[in-house]
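> here's my sequence, what's the structure:
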Amino acid sequence: MDKFTPKTFNIPELAGISAKNIEEHLKLYAGYVKNANSILEKIPEYRGYEKEDIFAPYVVSELGRRFSFEYNGMRNHEIYFSSLEGKATPISDGDLKSAIEKTFGSFDDFLSNFKTLAATRGIGWAVLWYDRKDNMLLTSWVDEQHLGQLNGCEMILALDMWEHAFVYDYSTSEKKKYIEAFFANLNWEVIEDNFKKAQ
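Predicted structure coming up:
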């Protein structure tokens, strides 16, 4: 069976997000990759016990449920870390900015709304999606890694709001400072490329 391979990211020194926080965060990402692979290996193994062990089907079902958590954790983090690669760049006057202005009124209004979404109480992700079916941008909160994903939409921008994303730099009451630091380091060229690929 094919396995998922952890990606490597070229993340420079960031303003307001420490190398220690990135280092520890990348270890968590590697754990999602490892766990996704492990589940895919274990499912066939437990299926082999189904005739002998009445609990084996329940184990297989639970592994299937858990897989969505691990897999989405892997993919969410890949979007997140790639957006910090290279260097911080402003959004260009291109297709993405035009789509944002069409949907949210202005780029500044989008940023304000997205930052408010990111400050939602709880653990999860603030996400900008592209809905290919209706050719529109959407934002939503994703609980944990996998509850609230928008079916059929492509993730364009993802801001990790689990405490592990900022705990080495900010207390839980200071997560708005982390949100500002994320946007100060965001490489909008990556986000624009995500948008192009999603169309």
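
> and the helix ranked longest in the chain, what other elements does it pack with?
The longest helix of the chain (DSSP state H) is helix 19-47. Counting by 3 or more CB pairs under 8 Å, 6 or more residues apart in numbering; DSSP states H and E, the packing neighbours recorded for helix 19-47 are helix 56-82. Heads up, the C-betas are built off the backbone N, CA and C, glycines and all.

> average model confidence for the longest helix of the chain?
Averaging pLDDT along helix 19-47 gives 91.

> next: stretch 185-199.
The pLDDT scores in stretch 185-199 average 97.

> buried sites along that stretch?
Within stretch 185-199, the residues scored as buried using 16 or more other CB atoms under 10 Å are 185-192, 194-195.

> the longest helix of the chain vs helix 56-82, what angle?
Here the directions of helix 19-47 and helix 56-82 differ by 150 degrees (axes from the mean of the first three to the mean of the last three CA atoms, to 10 degrees).

> buried stuff in helix 19-47?
21-22, 25-26, 29, 32-33, 35-37, 39-40, 43, 46.

> which among those gets closest to Ala165?
Among those, His25 lies closest to Ala165 (CB to CB), at 6.1 Å.

> dump the residue contacts of the closest one.
When contacts are counted by CB atoms under 8 Å, 6 or more residues apart in numbering, His25 touches 77, 81, 160, 164-165.

> by mean pLDDT, flag the weakest helix or strand of this structure.
Least confident helix or strand, the chain: helix 56-82 with a mean of 88, by mean pLDDT, DSSP states H and E.

> which elements pack onto it?
helix 19-47, strand 153-160.

> what lies in contact with the shortest one?
Among residues not part of strand 153-160, those counted as contacts by CB under 8 Å, 6+ apart are 25, 75-77, 79-80, 83, 96, 114, 118, 125-132, 137-138, 179, 182, 191, 194-195, 197-198.

> tilt between it and helix 56-82?
70 degrees.

> which other helices and strands does the helix or strand just after strand 153-160 contact?
Later in the chain than strand 153-160, the nearest helix or strand by DSSP states H and E is helix 175-185. Applying 3+ CB pairs under 8 Å, 6+ apart, we find helix 175-185 packed against helix 107-118.

> after the helix it packs on, next one along is what?
strand 124-131.

> now the closest residue to Lys177 other than its chain neighbours: how far from Ile156?
Using CB to CB, 6 or more residues apart in numbering and skipping the chain neighbours, the partner closest in space to Lys177 is Tyr170 (5.3 Å). Distance check for Tyr170 against Ile156: by CB to CB, to the nearest Å, it reads 25 Å.

> the more surrounded of the two?
Between Tyr170 and Ile156, counted using other CB atoms under 10 Å, Ile156 has the larger neighbour count: 26 against 19.
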